[in-house]
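J.: Dropping a prediction and its sequence here:
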6 protein chains.
Amino acid sequence: MRILVANVNTTVSMTDAIAESARGVASPGTEIVGITPRFGADSCEGNFESYLAAIAVMDAITSYPDPFDAVIQAGYGEHGREGLQELLDVPVVDITEAAASTAMYLGHKYSVVTTLDRTVPLIEDRLKLAGLDARCASVRASGLGVLELESDPDRAVEAIVRQAREAVENDHAEVICLGCGGMAELEEKVKAATGVPIVDGVRSAVTIAEGLVRMGLSTSKVRTYATPREKKVIGWPFQL
Amino acid sequence: MRILVANVNTTVSMTDAIAESARGVASPGTEIVGITPRFGADSCEGNFESYLAAIAVMDAITSYPDPFDAVIQAGYGEHGREGLQELLDVPVVDITEAAASTAMYLGHKYSVVTTLDRTVPLIEDRLKLAGLDARCASVRASGLGVLELESDPDRAVEAIVRQAREAVENDHAEVICLGCGGMAELEEKVKAATGVPIVDGVRSAVTIAEGLVRMGLSTSKVRTYATPREKKVIGWPFQL
Amino acid sequence: MRILVANVNTTVSMTDAIAESARGVASPGTEIVGITPRFGADSCEGNFESYLAAIAVMDAITSYPDPFDAVIQAGYGEHGREGLQELLDVPVVDITEAAASTAMYLGHKYSVVTTLDRTVPLIEDRLKLAGLDARCASVRASGLGVLELESDPDRAVEAIVRQAREAVENDHAEVICLGCGGMAELEEKVKAATGVPIVDGVRSAVTIAEGLVRMGLSTSKVRTYATPREKKVIGWPFQL
Amino acid sequence: MRILVANVNTTVSMTDAIAESARGVASPGTEIVGITPRFGADSCEGNFESYLAAIAVMDAITSYPDPFDAVIQAGYGEHGREGLQELLDVPVVDITEAAASTAMYLGHKYSVVTTLDRTVPLIEDRLKLAGLDARCASVRASGLGVLELESDPDRAVEAIVRQAREAVENDHAEVICLGCGGMAELEEKVKAATGVPIVDGVRSAVTIAEGLVRMGLSTSKVRTYATPREKKVIGWPFQL
Amino acid sequence: MRILVANVNTTVSMTDAIAESARGVASPGTEIVGITPRFGADSCEGNFESYLAAIAVMDAITSYPDPFDAVIQAGYGEHGREGLQELLDVPVVDITEAAASTAMYLGHKYSVVTTLDRTVPLIEDRLKLAGLDARCASVRASGLGVLELESDPDRAVEAIVRQAREAVENDHAEVICLGCGGMAELEEKVKAATGVPIVDGVRSAVTIAEGLVRMGLSTSKVRTYATPREKKVIGWPFQL
Amino acid sequence: MRILVANVNTTVSMTDAIAESARGVASPGTEIVGITPRFGADSCEGNFESYLAAIAVMDAITSYPDPFDAVIQAGYGEHGREGLQELLDVPVVDITEAAASTAMYLGHKYSVVTTLDRTVPLIEDRLKLAGLDARCASVRASGLGVLELESDPDRAVEAIVRQAREAVENDHAEVICLGCGGMAELEEKVKAATGVPIVDGVRSAVTIAEGLVRMGLSTSKVRTYATPREKKVIGWPFQL
C-alpha cells in the first residue's frame, strides 16, 4: 500500500526526515511518500501559518498524480484534517490524534512536549476537538522553534527532556508525546533520559493508517465528511 | 469607526445583504464595509470550503487598502478567526460566537438553526472551541442550502420556523440563533412565529465590535494570537 | 435610552464611581442611572451578603419610578440576576458575565482578579452556571476587601498587578478581568503594568446592554425567566 | 438532637407536612422542628420567589430562639443554602442535594420529577453547582404547581408516575427523586407504580444531617463559608 | 440492623480496627460485623490487588451465613462495588463515595489524602465513575503504604497532615477525606493540625447505610444492578 | 510476534471465533493465540460476571507458558485491563477502547451497538474512564444476549442493524462499533445495511497491538501500572 505523508511546511529536508522516520515502522510492502506543499511557511508555528498549510496540504494531496491508500497529515496541532477527509475516499490520520490515541494505550495520563509556547493552545484545541484531551495531563513548550530542532538537536533534546521530566513529576504524565512532526529522531534520547514511553506522532500514524487500510475502513461519508457538493469554486484548484 | 464585515463566500449579493443588515444596528458614525473574498466557493457548506474561505478572508482583509477599526467574520461555524487575530491589531469578532454570547444574555439555553445537516458539526465544534457550548441546547438543520435562503425566502422561513419550534419544545431552547450569515432578513418572521428572541450573528457582532472599539480593547498579543514570527512564506500574499 | 446600573452594596460613593465609569463608555443619548439598594451590606464579600443584595437590588429596581431600557447588576460573582430577569421585561446584564464574554473575544484564556479569597468560589460558581468558565484560566484574589480598593488605590493596583502577572505567567491567561464592580478606575494602571487587555465588567455590560436594546432583544419569557405567577407573597414589596 | 427543617414558602400546612414526614425517619431522640418563613411566597416556583425565600429562611433560622444541631433547607432547587452555611456553625443540608446523593447509592442514573416546567432549570443549576449532576439522567416536570400537590394528591400521583415512567424508559433513570419538599406522602404510590426506588429529599436530608451530627462534623469555615466579616449591614436583622 | 463491613485485604487486625471505628458512629441497635476476605493481598495498593479483592469480597459476603441489612465495602478507590450490588438485595455503600458525598456537605471543595502515589489514579477513577469528582480539589499521596499506617501511626499523622495542609493552601480544599479504610484513628490528630473537617469513609458509610435502611431504600434492580441472569458459571462459588 | 487474545467468558467456541477473526487482519508473521479462562461465566453480561472474568483473564494470561508480545482483552465493556497492565511488561489492548479509538479516525461521532441493555452502562463507564466518550453519540442495546449472537446470527444482524440505523439517524453517529467480542462475523452484513463504517473491536485491537509492538512501545511503569509490590497474597496464583 502507498501512504502519503504530508509535511505541513515547505522545508523539504523536514519532509525527508519525516518520511524516513515513517519508513522505520512501516510494514514490508508499504510505500511511504513524503509530500511537501507548494506554498506556505517554512515552519508552522501559529494559526495563520497553519490555516495556510491546511489549504496547501489539500492542494498538494489532490495534485498527487498516482493512487494512494491513506494520508497522514504530519503537522502537530494543525488545522485541515477535516477538509482532507471530505476531499478523499481514503483514510486520513492526523499525527496529533495518532500520538494521543497511542499514548492512551500506554499510561493513565500523557503529556505533549512541543516547540514554542504559542503553539500550545493550538494543540490543546485540536485535542479538545478530537475528544482526546480527557487524559492529557499537560501540553508543554520546549521554547525551541520548529527549525531549531533540526539545526541544534542537542539543545533540542535537553529542552525537551527538561519539560518531559516536569510533565512526569508535576503533571503526573506517564507517557510523553513528541509534539512536532520533526521530533522523531529525538525519541531514543528522550526515552533514555526520562524512563517513560515516548510516542512519536508520525510513527503512530503510520501504524494506524496501515491498520485502517488492512481492515478496509475509511472515512464515513454520511454527514460531516461527505464529499463537497458540486458548486462554483473560484481559484481552485490553485494556479500558482 | 470603520468595521469590515467579511463574507466567507464569493457571492457578492450575499455580501451586500450582510452589510445592509449590519448597517441596521450600527451606531451613527460607524461605517460598515462589506468584503467579498477573491477566491473560494459561492457558498460555504463544509470543511474544505470553510478552510479555503479562512485563507480567502485573510487574503481579502489584509489586502484592504484603508484603515479600519474592527473585523467581523460573517460565516457561521467557519474556520479562520484565529488567523485573522494573529494578522491584525484590531478586534476580530466571529458571528458564531457573537450570536451565542448574545443569546446567553436572553435565556437559560439557546439553539442554533442552520442550513444543511452537514454544517451542524462545524458549528458544534466552533462553539466547543469557543467555550460557548455549555448552554447550547441543540444545533438543528433546516435542510436548505445557503443560496436557497436567498432564492426562496418563504420556504426558508417555513423550514427554519419548524426547527426553531422543535428546539423550543423538545430541546428546551429559550432563544434561537440564526445559524448562517445570510439569514438576518428572516429574523422578524421567525420571531413572530415562535415567540422567542431571535438572534442574528452579524447584528450581534456589530454591537460587540463597536463595544470593543469604544472600550479601547483589542486582541491580546501575549501568546496565542501574537503576530506571526518573521519567516519565509512561499506564495503569500497570494498572486491570483 | 436609560440604563439602570445597580450597585449591590449600600455604599453610595461606590454607586457614584460605578455610574461614572459606566458613563465613560456609554453612547451619546444613553443615560446612566446609578442605583443604591435601600438595605444590605456596605460591601458584598460572601454568600449571605450577596443573597441579601439580590433581594435588595430587586427591591430597588422595581421601586424605580421612571421607565428604563436595561438593567446592569454591578456586583461581581453575586446572586440575583435570574430574579431580575423574571421581574422585568427589559434586558438584564450581570457584570461577571459581561466581563467574561468580552474577554473571550480578546484572548484564548482569561483570568479574573478579585478582592478577597472568600469571594473566589462565588465567582467560579457564577461563571460555571453561566457556562462561561471553559476558557477561564483562574480566579485569583488580591487579598484586599471591596472598600479598601477605594481607600487605598495604590496598594490596590499593586496587589492586583501582582495577581494579574501570575495569571498571565502561570495560568496562561491572555486577558484579565477586574473582578469587582469598583475596580474600573484601576484599569489603565493594571494594563500598563501587565501588557494584556484589561476588561472591566461594568463598562463591558454597558456596551452589551446598549447592543441588546439597539437590536430590540430582551429576556425570553417562555420558561426559566417567565414572569412570576400570580400568588400571595407576604412582605413584598418590602416595607422598611 | 434538634434539627430545624425550614420550609421555603409561607404555607404553614406544608411546613407541618414536611416536618411530619421528617419525623418518620428521624432516630429516637431527634426532635424535628418545622420552620415557616415570616415573609415570602406561599409557594416557590421561580427565581424571584426563591431568592426571597433564601433571605426569609435565613431570617427565620437566625431568629430561632433555642439551640439546634442542624438545619435542613426543605426547598427543591432553591437558592440560599450557602448563606445559611456562613451564618451558622451547625451543618446545613439542602434537600436537592440530599436526594441526589442518596439516589446515587441506589442506581447508575437518577431522574428528578418536579412540579412546573419553569422550575426545571433551577434544579438543574443547583445540581450542577453541587457537582451532583453527572449521573442525573433528567429533570422532568409533572406540570402541577406546588400547592396542587396538596389539593389534588390523586392527580399529582398520576402526573408524577407518568413522568417517572418516562424517565425510567427513555432517560435510563434507575431511581426517581421527588423534586419538591411536599411530595413525601406520594412516595409509596409512585414506588408501587414504577418499581424503582423513590427518594424523598426531606427524609434523605434527615438521615444525612443526623449522620453529620453523630460524626461531629460541620461546615468548614476556612474559606467559602467563613462567618461574614464584621461590617455595616442596613436593615438586617429584618424589622417587618 | 446488621451491617457487614468488608475489609478489602486479608489483614485481620485491619478488619478489626475498621469495625471498631464503624461501631463508634453506629446507632444503638446496629450491629457491625467485620468481614475479612478468604484470599487476596494483605494490603491493596493497585489494580491487580484491587480486582482480586473485588472477587474476594463478593466471595466473603455471599458466604456470610446470617441475614444482614447493608454492606459497606471498606476499601478506598477499589473495584467491585457494582458486582456486590448485582448479587445482593440490600444496599451497598463504598467508602470512597461515602467520604466524598459527606465532604460535599461540608465545604466547597474537598481533597483526599491517601497512601501511595500509585493508588491516586484508582481513587480519581472511582470518583469520576461515581460522578463525585466535580468538587474534588485533589487526591494526594502521603507516600506511606497501607500497613505502615498501623505500624507507625506518628509518622502517618505527620505525612498526612503535610499533604492535608498543602491541599487546603494550594488546592483550595476546605475538607479532607482520609483516603484509606484504616485511617480513622488518625482523624482527631489530623483535624487538630489542619483546622478543617476530616471525613472518614468508613464512619460516613455507616451513617449512610443506616439511613438507607431506615428509609427502606435499596439498590434499583431495573437495569445496571439487576440480579445476574441464570447461567453456567465455572468455579463459582469458589472452592479454595 | 505472538499476540494472546483473551476471551472473557468460558465458551470455547467463542474464543475460537474471536481468534479466527483476529487472524483475518493480523500481519504475516503474527501468531494469534486464543485464550479461554479456566473459570467464570459462559457469557459476561454484567458486573459480577465481568469482575470474575477480570481475575480469570489475569489467571489465564499469567499461566500461559510461552513468551508473547502483546495481549488483547476481548471483552466489550469489561473490567480488568488495568490489572493486566500491572502484571505484564507487554502492551495490553482492550477491545472497547480499540474500537472507539479506531472509530474516531473515521467519523465525527460514533455509536456502539451491544447485546443486552444491562451491559450499556458498563460500556459507557469504560469509555468514560478511558476518556474516549466525548465523541460517543450513544451506546445502544440490540436486546440479544451474547450467546444468541452465535445461535441465531440472522436475528442478530437484524437487531443490530435496527439499532445501528437509529444511531445514525437519531443520534448522528457516523460510525458504528460492534459492542461485543463475538460480533465480528456480522460486520459485512451490518455495513451493507447501513452504509457507514463498521468497526470491530478485536480486529482493531490486533492492528493497534501490532503497531505498539512494532514501535517498541509498552505500558509505562512509572506510576499507575507499576508492577505490584512484593507482598503476601493468599490464594494467588489460583489453585482450582
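T.: Right, received. Where do you want to start?
J.: And the strands in chain A, which stretches?
T.: Secondary structure of chain A by DSSP state E: the strands cover A:2-6, A:31-35, A:40-41, A:70-73, A:92-94, A:110-114, A:136-141, A:175-179, A:198-200, A:233-234.
J.: quick one: the last one to chain centroid distance?
T.: Same thing as strand A:233-234. 29 Å (Cα atoms, centre = their mean, to the nearest Å).
J.: contact partners of it?
T.: Strand A:233-234 is contacted from outside by B:10, B:38, B:39, B:40, B:41, B:42, B:49, B:52, using Cβ atoms under 8 Å, 6 or more residues apart in numbering or on different chains. For glycine as for every other residue, the C-beta is placed from the backbone atoms N, C-alpha and C.
J.: Please repeat the previous calculation with a cut-off of 6 Å.
T.: With Cβ atoms under 6 Å, 6 or more residues apart in numbering or on different chains as the test, strand A:233-234 has contacts from B:10, B:39, B:41.
J.: ok, now the first one?
T.: For strand A:2-6, contacts defined as Cβ under 6 Å, 6+ apart pick out A:18-19, A:22, A:31-35, A:57, A:68-74, A:209.
J.: circling back: neighbour-wise, which one of the contacts of strand A:233-234 leads?
T.: Neighbour tally across the contacts of strand A:233-234 (other Cβ atoms under 10 Å in any protein chain shown): the maximum, 27 neighbours, falls on residue B:41.
J.: Go ahead and confirm it touches residue B:50.
T.: No - assessed by Cβ atoms under 6 Å, residue B:41 is found out of contact with residue B:50, at 8.9 Å.
J.: For stretch A:27-38, the averaged confidence score.
T.: For stretch A:27-38, mean pLDDT is 97.
J.: center of chain A, which residue is that?
T.: residue A:95 (2.8 Å; Cα atoms, centre = their mean).
J.: quick one: the closest residue to that one other than its chain neighbours from chain F, how far?
T.: In space, and not counting its chain neighbours, residue A:95 is closest to residue A:201: 3.1 Å by Cβ to Cβ, 6 or more residues apart in numbering or on different chains. Distance from residue A:201 to chain F, counting by Cβ to the nearest Cβ, to the nearest Å: 11 Å.
J.: Compute the number of surrounding residues for residue A:201.
T.: Residues near residue A:201, counting by other Cβ under 10 Å: 33.
J.: The one 10 residues further on now?
T.: Counted by other Cβ under 10 Å, the residues lying close to residue A:211 total 28.
J.: starting at the chain centroid, how far to the helix or strand bottoming out on mean pLDDT in chain A?
T.: The weakest-scoring helix or strand in chain A, judged by mean pLDDT, DSSP states H and E, is helix A:146-151 (a mean of 85). Centroid separation for helix A:146-151 versus its chain: 16 Å, with Cα atoms, centre = their mean.
J.: can you list the residues that contact it?
T.: By Cβ under 6 Å, 6+ apart, the list of residues contacting helix A:146-151 reads A:43, A:115, A:156, A:182.
J.: picking that back up, okay but the residue nearest to the centre of chain A is in contact with residue A:205, surely?
T.: Yes - using Cβ under 6 Å, residue A:95 makes contact with residue A:205 at a distance of 4.9 Å.
J.: Give me the distance between the spatially closest residue to residue A:7 that is not a sequence neighbour and residue A:75.
T.: If the residues on either side of it in the chain are set aside, residue A:7 comes closest to residue A:15, at 4.0 Å by Cβ to Cβ, 6+ apart. Distance, residue A:15 to residue A:75, by Cβ to Cβ, to the nearest Å: 11 Å.
J.: Show me which residues of stretch A:233-240 are buried.
T.: Applying a neighbour-count criterion of 16 or more other Cβ atoms under 10 Å in any protein chain shown, the buried positions in stretch A:233-240 are A:233, A:235, A:236, A:238.
J.: which of the residues you listed sit farthest apart?
T.: Largest separation among the buried residues of stretch A:233-240 by Cβ to Cβ: A:233 and A:238, giving 10.8 Å.
J.: So for residue A:240, what's the pLDDT?
T.: On the pLDDT scale, residue A:240 gets 66.
J.: Oh, that last question was meant for residue A:152, not what I typed.
T.: Residue A:152 is given a pLDDT of 87.
J.: How about the residue of chain A found nearest chain E, nearest residue that isn't a chain neighbour?
T.: For chain A and chain E, the shortest gap (Cβ to the nearest Cβ) falls at residue A:108, measuring 4.7 Å. Leaving aside its sequence neighbours, residue A:108 sits nearest to residue F:224 (Cβ to Cβ, 6+ apart; 3.9 Å).
J.: Appreciated, that's everything.
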